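Enquirer: Compute the structure for the input listed below.
(one chain, ligands or ions: 1)
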Amino acid sequence: MRTPLIAANWKMNKLVDDAVATAGALKPLVADAAGVEIVVCPVFTVLQAVGKALAGSNVALGAQNCYTKESGAFTGEISPQMLKDAGCTWVIIGHSERRQYFKESDALLNEKLHFALKSGLKVMFCIGETLDERQGGSMNDVLRRQVNEGLKGLSETDFANVAVAYEPVWAIGTGVTATPEQAEEAHAFVRGLVEAQFGKNVAEGLRIQYGGSVKPDNAAELIAKPNVDGFLVGGASLKADSFAGIIKAVC
Ligand code: 13P
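Expert: Numbering: from 1, shown residues only. Here you go, the predicted model:
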């Protein structure tokens, strides 16, 4: 049985007061949520403050990106060690916005994944096709490439600390959610790719989150699908009550 993993990706939003207030409001709303794992991923500048606000709760802290080195002359970057120092246990790697706007390649993302794991962080590794790729019929090839190159070289034990987030780019921030059937089809395909590369044990244990316009009113039908093991939530995670509504729909 895979424990659902529900994560908030706040993206580049919230100054410290707003971030701390949202975390503080979320805590009591989800205090009774059983059988789920909850993570909030704010911007770097508010990590410590949000970590303090979440202390002692059932909500873990994550970051949205990290680099492949521990320290040194890498202006503007941040290391997994620094994220851990700020209280993080999770990091998101390979979000489509990183791939698209910051030109992060499969090879770089694979390097980031390995270094984050080696440094002791757990990773939500994002994949997903664009609308053009889906409509042009290359969706499966894109997912195959992202899985095979992105997860390359992981060991079976590494997978204890990895979740994959399937986020179709056309569903992110658009209000267009994948139907439960579309999500299930993609998740089953991805699980099959993982099985082919890493074996049945790894594939059956791997949590595959769905991301893309998840809201309190569509979460229940999505999580009902056998291969949907949680969510990575953008817009609807910015308010404590709507993120808590998604968590409640899963519990
Ligand atoms: P939305 O929930 O705003 O569509 O964003 C999804 C996402 O990109 C989470 O990482």
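Enquirer: The protein: strands as residue ranges?
Expert: Along the chain, the segments classed as strands by DSSP state E run 5-9, 37-41, 59-63, 90-93, 122-127, 162-166, 207-210, 230-233.
Enquirer: Now render those as TSV, adding distance to the ligand, mean neighbour count and mean pLDDT.
Expert: All C-beta atoms are positioned from the backbone trio N, CA, C, and that covers glycine. Formatted as TSV, the strands of the chain follow (distance: least, C-beta to the nearest ligand atom, whole Å; neighbours: other C-beta atoms under 10 Å; pLDDT from 0 to 100):
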stretch	distance to the ligand	mean neighbour count	mean pLDDT
strand 5-9	4	26	98
strand 37-41	8	24	98
strand 59-63	11	23	98
strand 90-93	7	25	99
strand 122-127	7	25	98
strand 162-166	7	25	98
strand 207-210	9	24	98
strand 230-233	4	29	98
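Enquirer: Would you reformat those strands as CSV and include distance to Asp17?
Expert: Converted to CSV, the strands of the chain look like this (distance: least, C-beta to C-beta, whole Å):
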stretch, distance to Asp17
strand 5-9, 17
strand 37-41, 16
strand 59-63, 18
strand 90-93, 23
strand 122-127, 27
strand 162-166, 29
strand 207-210, 29
strand 230-233, 22
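Enquirer: Get me the contact residues on this structure for the ligand.
Expert: Contact residues (C-beta under 6 Å from any ligand atom) of the chain with the ligand: 9, 95, 167, 172-173, 211-214, 232-236.
Enquirer: picking up where we left off before, closest one to Phe189 among the strands of the chain?
Expert: strand 162-166 (9.1 Å; C-beta to C-beta).
Enquirer: Local confidence estimate at the closest residue to the ligand within the stretch 151-251 of the chain?
Expert: Taking C-beta to the nearest ligand atom, the ligand has its nearest neighbour within the stretch 151-251 of the chain at Gly234, 2.3 Å off. Predicted confidence (pLDDT) at Gly234: the value is 98.
Enquirer: ditto for the one 4 residues further on
Expert: The predicted local distance difference test score for Leu238 is 98.
Enquirer: count of residues packed around it?
Expert: The tally of other residues near Leu238 (other C-beta atoms under 10 Å) stands at 18.
Enquirer: before we move on, what about Gln48?
Expert: The burial count for Gln48: 15, using other C-beta under 10 Å.
Enquirer: any idea what sits nearest it, other than its immediate chain neighbours?
Expert: Distances taken as C-beta to C-beta, 6 or more residues apart in numbering put Ala86 closest to Gln48, at 5.1 Å, once the chain neighbours are dropped.
Enquirer: So the one you found versus the ligand, what's the distance?
Expert: 20 Å (C-beta to the nearest ligand atom, to the nearest Å).
Enquirer: contacting residues around that residue?
Expert: Neighbouring residues of Ala86 by C-beta atoms under 8 Å, 6 or more residues apart in numbering: 44, 47-48, 51, 61, 63.
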